[in-house]
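Undergrad: Below is the structure, and that's it, no one-letter string:
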């Protein structure tokens, strides 16, 4: 029923996010990021997992400037997925975080490494 519909809609969002234009539009939508972040606390494992994949795709998209991809709310969102206690969601969020951290460090933005340490600690606690 409802879970299947929600799952299919998140899945189609995930598929559409391969387009840079869609990534930009999605992030600009009033409730776009809020709804992704809400997935981290969803009681359904599949929704948490696909939400984390959506976030990963957004964070790693070159369609957005680095500063936007590393914005505090994005980092906080990644952290909530890492800490949600779901292996698939945590792994997807962790990969996204490592990806964005590597990009930012290679471009000389070392301020992110502090967030990376916090996240590494959170991941270790979960693991």
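TA: Cool, the structure landed. Please read all numbers here as calculations on a predicted model, not as lab measurements.
Undergrad: okay, CA-based contacts and neighbour counts for the rest of this
TA: Will do.
Undergrad: three-state assignment of residue 108?
TA: coil (DSSP: H, G, I helix; E, B strand; the rest coil).
Undergrad: burial count for it?
TA: Close neighbours of residue 108, defined as other C-alpha atoms under 10 Å, add up to 10.
Undergrad: Would you mind measuring from residue 4 to residue 11?
TA: Using C-alpha to C-alpha, to the nearest Å, one gets 10 Å for the distance from residue 4 to residue 11.
Undergrad: Look at the two and report which has more neighbours.
TA: More neighbours surround residue 11 than the other of residue 4 and residue 11, with 16 against 10 (other C-alpha under 10 Å).
Undergrad: Nearest to the spatial middle of this structure, which residue is it?
TA: residue 55 (2.7 Å; C-alpha atoms, centre = their mean).
Undergrad: contacting residues around that residue?
TA: By C-alpha atoms under 8 Å, 6 or more residues apart in numbering, the residues touching residue 55 are 36, 78, 93, 96.
Undergrad: How about the second one, nearest residue that isn't a chain neighbour?
TA: Spatial nearest neighbour of residue 78, chain neighbours left out: residue 93 (5.3 Å); criterion: C-alpha to C-alpha, 6 or more residues apart in numbering.
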